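> Structure for this input, please:
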Amino acid sequence: TIPTRYRAPIRAALLTWNKAFAKIGYPNAVEVRDQPNDPNFDPDDIRYNVVRWLAEENGGFAEAQLLYNPYTGEMIKSGIVIDSDLMRYGKWDYPVLVQPQGRGAMLSELGAGEYMAGEQQQFGYGMTALALMNAGDGYNVPEKYADEFLASVVLHESGHDFGLRHNFIGSQAYTAKQLQSKAFTSKYGTATSVMEYAPINLWPKGTPQGDYFQTVLGPYDYYVIKWGYAKIPGASSPAAELPTLRRWASVWNTPTGAWSSDEDVQWAP
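Numbers count the residues shown, from 1 in each chain. As a prediction, this is how the structure comes out:
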């Protein structure tokens, strides 16, 4: 159900995780295949992890779907749903950001569970700013801009599918100069993790400009995939893995290994 126009950035984002798995000895751990032309294929079949494209007319969202064994934590099936309005509605919604009332006034009230609402506003804000700076047409969204936005969303949601939680401290490790460097952001991202709710990386006209969105894995993502999936030689039981896992977890004290999730940013009840 995914439009042909958007299959390439979704595929690229999913395959990006192979870079982390290859480092721990699992090359090509992730495969992406088109749904077979078979009337008997069932996307709800537990053997398949499916990315679905929906049309629900609600302003757009994306969500990771997980089915796991509550006794062991083993993930049995995962997937992602993407509402089509994520790419369509965002192109037309952004003018409200410059109005004195309306959704623009809600920018400071976004909660941790409203990732896509915030991302859509960043998408629109970026288009508005770029159109103003470059005297362009804000409604003509460049294909590359749209693809990178969608890839960043899929990277985040597929991170959940691999067991990663949000990391709300992933935006604090980099300097302004680093974020303005295309060479830096194309290697390390605009935050240390795709699990951060990172805003668009946009700089004033005449200033060096790095990537707008997080389209690569950050150093934290490489670290946490190792923590969660790497083999620990000599460990014959989960309990035997603990000393090594705790030693690995000590990188939390470093800027690129720091982690802070939902419990740290949700204040009520």
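
> Over to the residue most central in space within the chain. Which of the three states is it?
Against the mean C-alpha coordinate of the chain, by C-alpha atoms, centre = their mean, the closest residue is residue 156 at 1.9 Å. Using DSSP: H, G, I helix; E, B strand; the rest coil as the criterion, the local structure at residue 156 reads helix.

> May I have the residues that are in contact with the residue lying closest to it once chain neighbours are set aside?
Closest residue in space to residue 156, ignoring its immediate chain neighbours: residue 194 at 5.2 Å, by C-beta to C-beta, 6 or more residues apart in numbering. Heads up, the C-betas are built off the backbone N, CA and C, glycines and all. For residue 194, the contacting residues are 152, 155-156, 159, 164, 214, 217-218, 221, by C-beta atoms under 8 Å, 6 or more residues apart in numbering.

> Identify the farthest-apart pair in these.
Using C-beta to C-beta, the contacts of residue 194 span at most 14.5 Å, a distance reached by 152 and 164.

> Look at these two and report which has more neighbours.
Using other C-beta atoms under 10 Å as the criterion, residue 152 and residue 164 rank with residue 152 on top: 26 against 21.

> Sticking with the more buried one, tell me its helix or strand.
Secondary structure here is read from DSSP states H and E; on that basis residue 152 sits in helix 143-161.

> Quick check: residue 169 touching residue 265?
No - between residue 169 and residue 265 there is no contact, the gap being 9.6 Å when judged by C-beta atoms under 8 Å.

> who's more crowded, the two?
Using other C-beta under 10 Å, the more surrounded residue of residue 169 and residue 265 is residue 169, with 21 against 13.

> Adjacent strands (with direction) for the longest strand seen in the chain?
For the chain, the strand with the greatest residue count under DSSP state E is strand 75-83. Within its sheet, strand 75-83 is paired with strand 50-54 (parallel), strand 62-68 (antiparallel), according to DSSP bridges.

> Buried deepest among those, which one?
Among the strands paired with strand 75-83, judged by mean count of other C-beta atoms under 10 Å, the one packed with the most neighbours on average is strand 50-54 (a mean of 18).

> quick check: mean pLDDT across that one?
Confidence over strand 50-54 (mean pLDDT, whole number) is 93.

> Let's verify residue 21: helix, strand, or coil?
Per three-state DSSP, the secondary structure class of residue 21 is helix.

> How about it: what's its closest non-neighbour residue?
With sequence-adjacent residues excluded and distances taken as C-beta to C-beta, 6+ apart, residue 21 is closest to residue 29, at 3.9 Å.

> In contact with that neighbour, which residues?
Residue 29 is in contact with 17-18, 21-22, counting by C-beta under 8 Å, 6+ apart.

> now do residue 218
If a contact means C-beta under 8 Å, 6+ apart, then residue 218 has 170, 188-189, 191-194, 196, 256 as its contacts.

> how about 6 Å then?
Residue 218 makes contacts with 189, 191-193, as judged by C-beta atoms under 6 Å, 6 or more residues apart in numbering.

> Ok, residue 46 next?
Counting by C-beta under 6 Å, 6+ apart, residue 46 has contacts residue 77.

> For residue 28, give its distance to residue 22.
In this structure, residue 28 and residue 22 are 8 Å apart, going by C-beta to C-beta, to the nearest Å.

> The two - which one has more neighbours?
Between residue 28 and residue 22, counting by other C-beta under 10 Å, residue 22 is the more crowded of the two (12 against 9).

> Could you measure from the more buried one over to residue 230?
For residue 22, the distance to residue 230 equals 12 Å [C-beta to C-beta].

> Could you do residue 179 as well?
30 Å.
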